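Chemist: just a sequence and a predicted model for now, questions to come.
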Amino acid sequence: MTASYPALRLRRTRSSPWSRRLHAETVLTAADLIWPLFISEGTGIEDPIASLPGVSRWSVDNIVARGKEARDLGITCIALFPNTPPHLRTAAGEEALNPDNLMCRAIRALKQAVPEVGVLTDVALDPYTAHGHDGLLDESGYVLNDSTAEMLVQQALNQAAAGADIIAPSDMMDGRIGLIRDALEGAGHVNVQIMSYAAKYASGFYGPFRDAVGSRGLLKGDKKTYQMDSANAEEALREVALDLAEGADSVMVKPGLPYLDIILRVKSEFQVPVFAYQVSGEYAMIEAAVAAGAAERDAVVLETLMAFKRAGCAGVLTYHAAHAARLLAG
Ligand SMILES: NCc1[nH]cc(CCC(=O)O)c1CC(=O)O
Ligand SMILES: [Mg+2]
């Protein structure tokens, strides 16, 4: 039995900064952060994204500068997303397989200039398709599973050959993790990790991202035949179980804050590395609140990131990564 008031006062350990630090159950450091970056063609380009205030698309040379910034801030890993020029977008997204595409050029440049920072690459066809979906369509517009998965395997091999450290399939096709793992092993990429977007929900929070990669105006319909229904939690556990059985090294829950319950359940059930993606709409919501004078940026950035750690995450993908790392450095 524990004591009760007045012998027990829970405010006692909160009464000074040193004691609050001493009793903190959870820590957040720059090493927990993965910084998503958008790549564009050209040199010397910084192209601001209107719906993501404070976030830009960068040309490859400037991505390298961001890589050095990440290293200096103690950020462990960068996630890359290309804005493919419109004339290279096709029904089948073949540009995803081009060894000299924007993604591969950025991977090579980063691994050459800052090899100590991890590079995570997105596997999905939406930045390369003319219709903005993550896979191949049949005549009715349905996203085909198995033929898409074959493309994703080739896309993953292309990124691994360019030097990607973590392959992160964000497409939600069934069976792709096992196929990609087999192909990576077969090609000798035994230490290339897979972080599966295992529980990715069809969400209203992806809008600014679609602006950033240039797929928003192209996308017809929604992604509900492949991304999950927000009503479902047990199904997320099944998705995670399958991806782990197929060889995922870590799993992701996405979006972040609206799905903290899923993060907690996945971590409790599987005891594997779980990551959260605090997505573009979540970032935009914080920035809008700050702009409206309704929130203080520094406080809500650190509080939301701590929430992911408290729920059990090994790390978080966040557009606030550099800002948060600066705050954490003091
Ligand atoms: N493969 C698509 C993809 N990969 C990452 C995001 C969203 C990330 C964000 O909103 O920050 C999306 C959007 C979508 O599914 O339409
Ligand atoms: Mg799945």
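Modeler: Right, received. Where do you want to start? Ligands and ions are numbered 1, 2, ... in the order given.

Chemist: how close does the residue of the stretch 51-200 of the chain found nearest ligand 1 sit to residue 309?
Modeler: Proximity of the stretch 51-200 of the chain to ligand 1 (Cβ to the nearest ligand atom) peaks at residue 124, 3.4 Å away. C-beta here means a position set from N, CA and C on the backbone, and glycine is covered the same way. From residue 124 over to residue 309 the distance is 27 Å, taken as Cβ to Cβ, to the nearest Å.

Chemist: just want to know which of the two has more residues nearby.
Modeler: Taking neighbours as other Cβ atoms under 10 Å, residue 124 and residue 309 compare with residue 124 leading, 28 against 18.

Chemist: list the contacts for that one?
Modeler: Going by Cβ atoms under 8 Å, 6 or more residues apart in numbering, residue 124 touches 134, 135, 152, 169, 170, 171.

Chemist: I'd like to know how many residues surround the fifth one.
Modeler: By other Cβ under 10 Å, the residues close to residue 170 number 20.

Chemist: so which of the contacts of residue 124 sit within helices?
Modeler: Here DSSP state H is the test, and the contacts of residue 124 give residue 152 as lying in helices.

Chemist: need the strands for the stretch 101-250 of the chain, in chain order.
Modeler: Under the criterion DSSP state E, counting those that start in this stretch, the stretch 101-250 of the chain carries strands at the ranges 118-123, 166-169, 193-200, 250-254.

Chemist: want to throw those strands into JSON lines with distance to residue 291, mean pLDDT and mean neighbour count?
Modeler: Shown next, in JSON lines, are the strands of the stretch 101-250 of the chain (distance: least, Cβ to Cβ, whole Å; pLDDT from 0 to 100; neighbours: other Cβ atoms under 10 Å):
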{"stretch": "strand 118-123", "distance to residue 291": "28", "mean pLDDT": "98", "mean neighbour count": "24"}
{"stretch": "strand 166-169", "distance to residue 291": "31", "mean pLDDT": "98", "mean neighbour count": "26"}
{"stretch": "strand 193-200", "distance to residue 291": "28", "mean pLDDT": "98", "mean neighbour count": "26"}
{"stretch": "strand 250-254", "distance to residue 291": "25", "mean pLDDT": "98", "mean neighbour count": "26"}
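
Chemist: good, wrapping up.
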